[in-house]
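*Asks:* compute the structure for the input listed below.
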Amino acid sequence: MKRTTYYNAIAPSVQDPWPIKKALTLSDVDITHPFLTLSRQQVETYIVVYMTPQQQDHLRAEGQVGLNAQDDDTGDMYVMKLKWRGSYYNLIGKWGKVVRGKGLDVGQEIKLRWFNGCLHFSVPQQQIVTVVQQVPPVRMVAASLVHDHWPIRKVLTSSDVDPNHPFLPLPRKLVEENILIHWVPQERERLRKEEQVSVNARDYDTGDTHEMKLKWRGNYYNLIGKWGNIIRLKGLGVGQEIRIRWSNNCLYFSVPEERYVATASGGHDNWPVKKALTLSDVDTNHPFLTLPGKAVEDHILFYWTQQAREQLRNERQVGINARDNDTGELYVMKLRWRGSYYNLIGKWGKIIREKRLQIGREIRVRWDNGCLIFSVPQ
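*Replies:* From the prediction side, this is the model:
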């Protein structure tokens, strides 16, 4: 009953008939490698949860599942596949045909929902017009060097400041909406074919210019080249905020000193890390809990000693004590670094079974007195 009540509370049909919406990116409309990327949490909250148990089991076991998809704009039906890619899902099959048939382009909004055992999608024409009309003013604003206009911001993580493997990962959506949109079509095409393009990068704080490369990595982009030099020269550390913008054919970046350790205060929330459990989180055959890199580094690793953080960086995993705040039980577990996210492993399968965890339940996590505390409120 409690689980049913929870799902009713988040049911998309109550609020919005189209719970999944996204602006199409460069990779979404690439007909040479056709796939639509969708966020894992949205897919599992609004699609997978409504699939039959047989479909869910097939998706978990095979990593993909066949489904019917309907274009609500035309009524056309397609046989497609939903493929699990870890932190996201790809819609494949006839997606290239959909891109060509509808003439899809970067910036258009696609809407998706699950209804009567079928995936429905729509790309409203009026939305396309709105997006196209909005492009010129967006480009004009971004092109001017306004001191406070930094459309891309991120808090640096331990992988971002590792000089041994220097690269700065940036979310694909932000890069394509705030950087690639200012490139000429030939530059975007070269990036798509060669998967990396050289760019000039200027440190706004010092005026130094660096020759770097922007490398396409699927659902994100890596800034590589002289990033290791920048880490050392600026003494970058976990918790600092980097700001990025594109102007006058150059990538500008800034790391204001006053923003350092902005995450030092735990805030007013006793549970700073919260997430709705996904399909992979409750899979007892491959038990691990995935936690976002930024959340872990802001609210867990921040309180570790420098030696402990170095151990995690070098060995990729560290043993930790974990306590179930609901029952008081203690577990010896491991926190494993996976690049842009972390996995909690060890006794996680036992926790899934004992607490009977299901998709959609919320888990809360915090670090306290050298121990990882977690809770799954009933």
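*Asks:* pretty sure Lys94 contacts Tyr78?
*Replies:* Yes: Lys94 lies in contact with Tyr78 (CB atoms under 8 Å); the separation is 4.2 Å. Quick note: C-beta positions are derived from backbone N, CA and C, even for glycine.
*Asks:* list residues touching both of these two?
*Replies:* Both Lys94 and Tyr78 are in contact with Ala69, where contact means CB atoms under 8 Å, 6 or more residues apart in numbering.
*Asks:* where does pLDDT dip in the stretch 251-378 of the chain?
*Replies:* By pLDDT under 70, the low-scoring segments of the stretch 251-378 of the chain are 257-269.
*Asks:* for it, which segments count as helices?
*Replies:* For the stretch 251-378 of the chain, applying DSSP state H, counting those that start in this stretch gives helices covering 293-299, 306-315, 348-355.
*Asks:* would you reformat these as TSV and include mean neighbour count and distance to Trp271?
*Replies:* Formatted as TSV, the helices of the stretch 251-378 of the chain follow (neighbours: other CB atoms under 10 Å; distance: least, CB to CB, whole Å):
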stretch	mean neighbour count	distance to Trp271
helix 293-299	20	9
helix 306-315	13	22
helix 348-355	17	16
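*Asks:* who touches the closest residue to Tyr46 other than its chain neighbours in this structure?
*Replies:* Nearest non-adjacent residue to Tyr46, counting by CB to CB, 6 or more residues apart in numbering: Pro19, 4.5 Å away. Residues in contact with Pro19, defined by CB under 8 Å, 6+ apart, are 12, 42, 45-46, 112-113.
*Asks:* closest one to Gly237 among the helices of the stretch 251-378 of the chain?
*Replies:* Among the helices of the stretch 251-378 of the chain, the nearest to Gly237 by CB to CB is helix 306-315 (9.8 Å).
*Asks:* could you export the closest one as CSV, CA atoms only?
*Replies:* The C-alpha trace of helix 306-315 is given here as CSV (Å, rounded to 0.1, in the frame of the first residue of the first chain):
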residue,chain,number,x,y,z
GLN,A,306,43.6,14.2,2.2
GLN,A,307,45.2,10.8,2.6
ALA,A,308,41.8,9.0,2.3
ARG,A,309,40.9,11.0,-0.8
GLU,A,310,44.3,10.2,-2.4
GLN,A,311,43.8,6.5,-1.6
LEU,A,312,40.4,6.6,-3.3
ARG,A,313,41.9,8.3,-6.4
ASN,A,314,44.8,5.9,-6.6
GLU,A,315,43.1,2.6,-5.8
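*Asks:* residues in contact with that helix: which ones?
*Replies:* Residues outside helix 306-315 that contact it (CB under 8 Å, 6+ apart) are 158, 162, 238, 301, 304, 318, 335, 337.
*Asks:* quick one on the thing from earlier: please name whichever of the helices of the stretch 251-378 of the chain is nearest to Val98.
*Replies:* Proximity to Val98 (CB to CB) singles out helix 293-299 among the helices of the stretch 251-378 of the chain, at 32.4 Å.
*Asks:* which elements pack onto the closest one?
*Replies:* With contacts taken as 3 or more CB pairs under 8 Å, 6 or more residues apart in numbering; DSSP states H and E, helix 293-299 sits against strand 152-155, strand 273-276, strand 341-345, strand 362-368.
*Asks:* roughly how far is that helix from the heart of the chain?
*Replies:* Computed by CA atoms, centre = their mean, to the nearest Å, the separation of helix 293-299 from the middle of its chain amounts to 13 Å.
*Asks:* begin at 42 from now on, thanks
*Replies:* Sure thing, new numbering starts at 42, so read that last one as helix 334-340.
*Asks:* which outside residues touch that helix?
*Replies:* Residues outside helix 334-340 that contact it (CB under 8 Å, 6+ apart) are 195-196, 198-200, 279-280, 304, 307, 313-314, 376, 380-383, 406-408.
*Asks:* what do you get if the cut-off is 7 Å, keeping everything else the same?
*Replies:* By CB atoms under 7 Å, 6 or more residues apart in numbering, the residues outside helix 334-340 that reach it are 196, 198-199, 279-280, 304, 307, 313-314, 381-383, 407-408.
*Asks:* quick one: the residues you listed as TSV, columns for distance to Ser416 and neighbour count too.
*Replies:* Compiled in TSV, the contacts of helix 334-340 are given as follows (distance: CB to CB, whole Å; neighbours: other CB atoms under 10 Å):
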residue	distance to Ser416	neighbour count
Val196	24	18
Thr198	24	25
Ser199	25	20
Val279	25	19
Gly280	25	20
Thr304	21	20
Gly307	16	15
Pro313	12	17
Val314	11	20
Ser381	25	17
Tyr382	21	18
Tyr383	18	25
Arg407	9	20
Trp408	13	19
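*Asks:* contacting residues for Val240?
*Replies:* 253-255, 292.
*Asks:* list the neighbouring strands of the helix or strand harbouring Trp155 plus their orientation.
*Replies:* Trp155 belongs to strand 150-156 when assigned by DSSP states H and E. Taking DSSP bridges as the criterion, strand 150-156 forms sheet pairs with strand 61-64 (antiparallel), strand 159-163 (antiparallel).
*Asks:* which one, of these, ends up nearest to Val106?
*Replies:* Val106 lies closest to strand 159-163 among these, at 10.8 Å (CB to CB).
*Asks:* so for the closest one, what gets flagged as buried?
*Replies:* 160-163 (16 or more other CB atoms under 10 Å).
*Asks:* any chance of these in a markdown table, plus distance to Leu318 and pLDDT?
*Replies:* Shown next, in a markdown table, are those (distance: CB to CB, whole Å; pLDDT from 0 to 100):
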| residue | distance to Leu318 | pLDDT |
| --- | --- | --- |
| Leu160 | 22 | 95 |
| His161 | 25 | 95 |
| Phe162 | 26 | 95 |
| Ser163 | 29 | 94 |
